[in-house]
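Novice: For reference, the sequence and a predicted model appear below.
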Amino acid sequence: MENEEHPGAEESTSADAPAEGSDAVTAPTVETEGIGGQPDVAPAADSAAAPAADPPPPAPDSSPPPAAPVASAETASVNVLEVRSLDWNAVRAAVANPPSGERAERIIAAMEERLAGGGPLGTAFEEYAAGPDDQAIQIGDDWPLGEVWFVGDVHGDLLALEAALQHVDRSGGGADARIVFLGDLFDDGVHAAEVVLRIFELMLQGPMRVVVLAGNHDEALSYGQGRFQSSVLPSDFTGWLNEQCAAGHPWAERLGKLIIRFFRRAPRALFFPDGLLVAHAGIPHTDLHPELAESGNWNDPRVLTDFVWLRAHPRARKRIPNRTTRGSEFGREDFAAFCELATRLGRPVGRMLRGHDHVEERFAVFPAWAAHPVLTINTLSHRLPREVFGPYERVPVVARWVRGELPEVRRLFIPPELVREVYPEPVDASTGEGG
């Protein structure tokens, strides 16, 4: 079993000194979506983003803010918009009324039926899969350009999920807009089952609109000897499933087994035609490159595993593949080598969007990776139990596809009082105060 906080140490063949300032950088300006959706342009801070100001009273945004010029990928910058004016009462109501009871059972039954036949799942970009077993999908050049939104690690954060879905819905794109979840739907959050059911419900409501990439927590869940198990820590959702099954919960066992079956088939990577690679975690490490170059087999289990488990080092040029742990690390020259290999194999890659690593600002772009930039995003509204430092309330992030660039970051400033209402800060038993 692997602990996410300590995936295993390894030697770096060459690492640069830390860059001055924060590892996360932004574009020169930040647009703030204010009341009624009217943007206010403000200078970006030197760090990843300006400190969150108190949000204005709830008010619906009538239209998305106009996109500001996107910084060149060569500067390892990303365009960032701040979103403050969602209908927070509607978000609160959605969180208070998640799928449960008969609604949950209908969702589970419909997904079980969809999986039973072994046919198409009806997910976004599935039409570009080379076959039913293709989990590294290359999106064709004939893809009709449309809105694509990316949601990072959710980890049972229903509040962040509902805020993200409302923003996506209000930002246009219509029925052709597609949503890509980067995986890690559960663990470290009290609404794990509700998050999974909500996303399954979206898939059923909008065929070919939603796709979920497998994260390491999703892939780690299994069932054997009458119990659910996980090969990664934390694994509180596994404990919840076992407790509910023992208590005679009407659908917990069905949900757990459905999740396992679903993620066996879920994609591990998407290759967009403009050179953007999207995966939960990483890229096939350098020790797999010679064989991949010869076979061209993107569905080699070792290749798929690296998409789900590898971690990006913010400053290292290279990292030695460490096969004693699935959570090995890769550096910027490892990624550059992969970009060259993938392009040679007919899958041009020049930049990447991922989740997996949790960052305080909930998004990060590493300055040292300017030649082949990588954007990391998390859709998390509060500090996770394994996150020791930083403020309790966080600003969850979604991203919007921009052709030929890093995706555009949208920061969702959920009112702090709503975050604490839904997720009260744990009390430190030794001091009696919030952690």
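Specialist: Sure thing, it's come through.

Novice: Quick one: mean pLDDT for stretch 336-350?
Specialist: Taken as a whole, stretch 336-350 has a mean pLDDT of 98.

Novice: now stretch 283-302
Specialist: Mean per-residue pLDDT for stretch 283-302: 98.

Novice: Going by secondary structure, F262 is in what exactly?
Specialist: If you go by DSSP states H and E, F262 is part of helix 252-265.

Novice: Mind listing what's buried along that helix?
Specialist: 252-259, 262-263 (16 or more other Cβ atoms under 10 Å). C-beta: built from backbone N, CA, C; applies to glycine.

Novice: Also stretch 352-368?
Specialist: 352-368.

Novice: cool, and stretch 367-378?
Specialist: For stretch 367-378, the neighbour count (16+ other Cβ under 10 Å) marks 367-370, 372-378 as buried.

Novice: Tell me how far stretch 279-291 lies from the chain's centre.
Specialist: On the basis of Cα atoms, centre = their mean, to the nearest Å, stretch 279-291 sits 19 Å off its chain's mean C-alpha point.

Novice: Also stretch 294-305?
Specialist: 22 Å.

Novice: Surely D306 is within a strand?
Specialist: No. Per DSSP: H, G, I helix; E, B strand; the rest coil, D306 lies outside any strand segment and is helix.

Novice: just the helices in the stretch 1-150 of the chain please.
Specialist: In the stretch 1-150 of the chain, the segments counted as helices under DSSP state H, counting those that start in this stretch are 88-96, 101-116.

Novice: actually the stretch 201-350 of the chain, sorry about that
Specialist: Assigned by DSSP H, counting those that start in this stretch, the stretch 201-350 of the chain shows helices spanning 216-220, 236-246, 252-265, 289-295, 301-309, 332-344.

Novice: List the contacts of the nearest residue to L276 once chain neighbours are set aside.
Specialist: Distance criterion Cβ to Cβ, 6 or more residues apart in numbering; nearest residue to L276, sequence neighbours excluded, is R351 at 5.8 Å. By Cβ atoms under 8 Å, 6 or more residues apart in numbering, the contact set of R351 is 73, 275-277, 372-375, 406.

Novice: Pretty sure I259 sits against L197.
Specialist: No. Between I259 and L197 there is no contact under Cβ atoms under 8 Å: 10.1 Å.

Novice: so where is this protein shaky, pLDDT-wise?
Specialist: For the chain, applying pLDDT under 70 flags the ranges 4-76, 173, 428-435.

Novice: now the helices of the stretch 1-150 of the chain as JSON lines including distance to T324?
Specialist: Output for the helices of the stretch 1-150 of the chain, formatted as JSON lines (distance: least, Cβ to Cβ, whole Å):
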{"stretch": "helix 88-96", "distance to T324": "41"}
{"stretch": "helix 101-116", "distance to T324": "34"}
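
Novice: How about the most centrally placed residue in the chain: what's its closest non-neighbour residue?
Specialist: Residue closest to the average C-alpha location in the chain (Cα atoms, centre = their mean): G152, at 2.0 Å. Once flanking residues are discounted, G152 sits nearest to I377: 3.8 Å by Cβ to Cβ, 6+ apart.

Novice: likewise W401?
Specialist: Excluding the flanking residues, the one nearest W401 by Cβ to Cβ, 6+ apart is V148, at 3.7 Å.

Novice: Equivalent analysis for W298, please.
Specialist: A136 (3.8 Å).

Novice: what does H191 give?
Specialist: L158 (3.7 Å).

Novice: if I read this right, the one you found contacts V95, doesn't it?
Specialist: Yes. If you go by Cβ under 8 Å, L158 and V95 touch, sitting 5.2 Å apart.

Novice: Just the CA atoms of stretch 291-306, as PDB, please.
Specialist: Extracted C-alpha coordinates of stretch 291-306, given in PDB (Å, rounded to 0.1, in the frame of the first residue of the first chain):
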ATOM      1  CA  GLU A 291       9.900  -0.300 -26.100                       C
ATOM      2  CA  LEU A 292       7.200   2.200 -26.800                       C
ATOM      3  CA  ALA A 293       9.100   3.600 -29.800                       C
ATOM      4  CA  GLU A 294       9.300   0.000 -31.200                       C
ATOM      5  CA  SER A 295       5.800  -1.200 -30.400                       C
ATOM      6  CA  GLY A 296       3.700   2.000 -30.500                       C
ATOM      7  CA  ASN A 297       1.500   0.300 -27.900                       C
ATOM      8  CA  TRP A 298       0.000   3.100 -25.900                       C
ATOM      9  CA  ASN A 299      -2.200   0.600 -24.000                       C
ATOM     10  CA  ASP A 300       0.800  -1.300 -22.500                       C
ATOM     11  CA  PRO A 301      -0.300  -1.600 -18.800                       C
ATOM     12  CA  ARG A 302       3.000   0.000 -17.700                       C
ATOM     13  CA  VAL A 303       2.400   3.000 -20.000                       C
ATOM     14  CA  LEU A 304      -1.200   3.400 -18.700                       C
ATOM     15  CA  THR A 305       0.000   3.100 -15.100                       C
ATOM     16  CA  ASP A 306       2.400   6.000 -15.500                       C
END
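
Novice: for L406, what are its contacts?
Specialist: Contacts of L406 (Cβ under 8 Å, 6+ apart): 70, 73, 77-79, 276, 351, 353, 365, 373, 375.

Novice: What is the nearest of those residues to T305?
Specialist: Of all the contacts of L406, L353 has the smallest distance to T305: 19.1 Å, by Cβ to Cβ.

Novice: circling back: can you give me the distance of the residue nearest to W298 to P234?
Specialist: Remark: distance between A136 and P234 (Cβ to Cβ, to the nearest Å) = 28 Å.

Novice: who has more neighbours, the two?
Specialist: More crowded of A136 and P234, by other Cβ atoms under 10 Å: A136, with 22 against 19.

Novice: For the more buried one, give the beta-bridge partners.
Specialist: With DSSP bridges applied, A136 shows beta-bridge pairing to A269.

Novice: I'd like the distance between it and L418.
Specialist: 39 Å.

Novice: This completes my enquiry, with thanks.
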